[in-house]
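1. Here is my input, please return the structure:
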Amino acid sequence: ENICIMETKIVRKVSVTMLIFNFLLFLIKITAGIWGKSSALVSDAVHSLSDVFSMVIVMIGMKMSGKEADDDHQYGHERIECITAIILAALLIATGLGIGYDGLMKIVRKEYLAFAQPGIIALVVAVVSVATKEWMYRFTAKYAKQINSDALMASAWDNRSDALSSVGSFAGILGARIGFPVLDSVASVVICFLILKAAYLIASDAVNKLVDKACDSQTCERLREFILAQS
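-> Numbering: from 1, shown residues only. Purely as a prediction, here's the structure:
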């Protein structure tokens with residue numbers, strides 16, 4: 001019971017911290033993206049807003065998975081975490097495709113030719129976002145490993161994908177500032193692929209656990225050797 005209480009406190013601490021930081025980042029990015037005339041940063045801001053909703057889902061999923069076993073669920077509710085991770089992956093896929101489609105259409109229609117040069121504020125905020133998101137990844141991953149939580153680890157990797165997205169934003173904004181405005185839209189497409197990759201990794205891991213996928217042959221062999229060594 002004490003362990004469950006500790007895990008609940010950790011989840012609450014991480015979730016509230018991530019909610020606050022993601023919402024603040026969304027406000028900063030969307031303001032800087034509009035003011036600094038950067039579609040890449042606006043796309044990154046949308047990604048951060050999706051993280052706010054993702055964190056709410058994590059909190060709900062973790063609360064449900066912590067419920068004790070009952071007559072209908074004799075093995076407990078732990079696998080709800082896997083379902084939560086899959087829902088997060090689905091949200092990431094939807095967000096990534098939306099961002100990628102918007103960026104691709106701007107390239108195809110050559111809308112970037114009418115873009116104003118992104119302001120220096122957009123570049124600065126992109127750098128701040130990379131540093132903040134990397135810290136958020138490390139912070140969340142630390143506690144996810146501590147309590148062995150799939151949902152929190154999925155959220156951690158979501159933060160890492162955001163850090164990579166912000167790197168793409170920085171590259172696109174920098175390219176646009178030095179005379180290649182198309183790179184701002186290209187950055188949005190790159191961000192799309194980074195988000196989709198993170199979604200795939202999260203979903204595949206959750207599905208494997210949900211269907212009780214066996215360990216790989218090397219892991220099975222190490223386990224066999226360890227067991228035989230005890231006899």
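2. contacts and neighbour counts: CA atoms only from here.
-> Will do.
3. Tell me where this structure has helices.
-> Listed in chain order, the helices of the chain (DSSP state H) span 2-35, 39-65, 80-108, 120-147, 150-177, 182-210, 217-230.
4. Switch the ones you listed over to a markdown table; also include mean pLDDT and mean neighbour count.
-> Below are the helices of the chain laid out as a markdown table (pLDDT from 0 to 100; neighbours: other Cα atoms under 10 Å):
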| stretch | mean pLDDT | mean neighbour count |
| --- | --- | --- |
| helix 2-35 | 81 | 18 |
| helix 39-65 | 72 | 23 |
| helix 80-108 | 81 | 21 |
| helix 120-147 | 88 | 19 |
| helix 150-177 | 78 | 25 |
| helix 182-210 | 79 | 22 |
| helix 217-230 | 80 | 10 |
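5. and the residue nearest to the spatial centre of the chain, what is it in contact with?
-> Computing the C-alpha centroid of the chain and ranking residues by Cα atoms, centre = their mean puts Asp158 first, at 1.3 Å. Applying Cα atoms under 8 Å, 6 or more residues apart in numbering to Asp158 gives the contacts 51, 137, 198-199.
6. Of these, which pair is most distant in space?
-> Tyr137 and Ala199 (15.2 Å; Cα to Cα).
7. how about the nearest residue to Asp162, chain neighbours excluded?
-> Lys133 (6.3 Å; Cα to Cα, 6 or more residues apart in numbering).
8. Is it correct that the one you found is in contact with Ala163?
-> Yes - Lys133 lies in contact with Ala163 (Cα atoms under 8 Å); the separation is 5.0 Å.
9. Val125 contacts Ala32, doesn't it?
-> Yes - look at Val125 against Ala32 with Cα under 8 Å: they come within range, at 7.0 Å.
10. how close does Ala171 get to Val46?
-> Distance, Ala171 to Val46, using Cα to Cα, to the nearest Å: 18 Å.
11. Equivalent analysis for Trp157, please.
-> 17 Å.
12. And for Ile202?
-> 20 Å.
13. what's the answer for Ala90, then?
-> From Ala90 to Val46 the distance is 15 Å (Cα to Cα).
14. and if you look at Ile28?
-> Counting by Cα to Cα, the gap from Ile28 to Val46 is 11 Å.
15. next one: Ile83
-> Relative to Val46, Ile83 is positioned 23 Å away (Cα to Cα).
16. got it, and Leu104?
-> Leu104 is 16 Å from Val46, by Cα to Cα.
17. same check, this time on Thr95
-> Counting by Cα to Cα - Thr95 and Val46 are separated by 8 Å.
18. swap in Tyr101?
-> Counting by Cα to Cα, the gap from Tyr101 to Val46 is 14 Å.
19. same thing with Ala199?
-> In terms of Cα to Cα, Ala199 sits 16 Å off from Val46.
20. again, but for Ile178
-> 25 Å.
21. And Ser166, by the same measure?
-> 12 Å.
22. That'll do, ta.
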